Structures are given as C-alpha cells and as structure tokens.
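Chemist: Dropping the sequence and predicted coords here.
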Amino acid sequence: QVHNPHHKPLVVFTPKSMLRLKAATSKAEEFTSGQFRPVIGDDTVDAAKVRKIVLCSGKVYYDLEAERTKRGADDTAIIRLERLYPLPGAE
C-alpha cells in the first residue's frame, strides 16, 4: 500500500446508525463498474424550482433528506461533498 503510487483506503469508518440504513447501501456493480464521485448532485428536485442549496458531507445528508421529506421542501437541493480536500472545483 505504501509503495503503490495510488493510495486506497483500507478501512472505511461509518457511524453505526448507517449499518442497516437502506438508503446508504450500494449495489455490487457500483463498486466494479462505477467510479468515485467527489460531488453528488441532487436529481430528486426540479432544478427550476430550487431556491435553496444545502452543502453537506457524510451522514448529515440522510438527516437532511428525512427532514426535507417531512417538511415537503421541494425547493431545496442537497449537494453532497464526498471529498473535502482538495475541494472539487469543476464538479
């Protein structure tokens, strides 16, 4: 791992509350054919209706998503930053 020019994380830390959370699971093919996305946009809201944008990272997303659904806030987009440093620019 140290001698490899591309370092990959060997351990992923996650809160226990997300272990059985259906929304936080990935399909096997996402690991084999997909790629890492430093920014994950929100395609669940109509872009023409968006008045507020919330940037977040980690498990906070699932709390924000639940609250947005509870309030019916269809004018709020939640953007997830999966890599904080260096901050993604073009994405």
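Modeler: Great, that's in hand. Residues are numbered from 1 along each chain as shown.
Chemist: ok, now how distant is the residue sitting nearest the centre point of the chain from residue 43?
Modeler: Per CA atoms, centre = their mean, the C-alpha nearest to the average position across the chain is that of residue 80, at 4.2 Å. As judged by CB to CB, to the nearest Å, residue 80 and residue 43 stand 12 Å apart. Placement of C-beta: from N, CA and C, glycine included.
Chemist: Residue 67 too?
Modeler: 19 Å.
Chemist: Those two: who's more crowded?
Modeler: A count of neighbours by other CB atoms under 10 Å puts residue 67 above the other of residue 67 and residue 43, at 12 against 8.
Chemist: Can you name the residues bridging to the closest residue to residue 40 other than its chain neighbours?
Modeler: Nearest non-adjacent residue to residue 40, counting by CB to CB, 6 or more residues apart in numbering: residue 80, 4.2 Å away. Following DSSP bridges, residue 80 is listed with bridge partners residue 40, residue 56.
Chemist: Rounded mean pLDDT for stretch 74-82, please.
Modeler: Stretch 74-82 comes out with an average pLDDT of 95.
Chemist: What residues of the longest helix anywhere in the chain count as buried?
Modeler: Assignment by DSSP state H gives helix 60-71 as the longest helix of the chain. Across helix 60-71, burial judged by 16 or more other CB atoms under 10 Å covers 61-62, 64-65, 68.
Chemist: Ok, stretch 37-45 next?
Modeler: Across stretch 37-45, burial judged by 16+ other CB under 10 Å covers residue 42.
Chemist: Could you report the separation of residue 81 from residue 33?
Modeler: Look at residue 81 and residue 33: by CB to CB, they are 23 Å apart.
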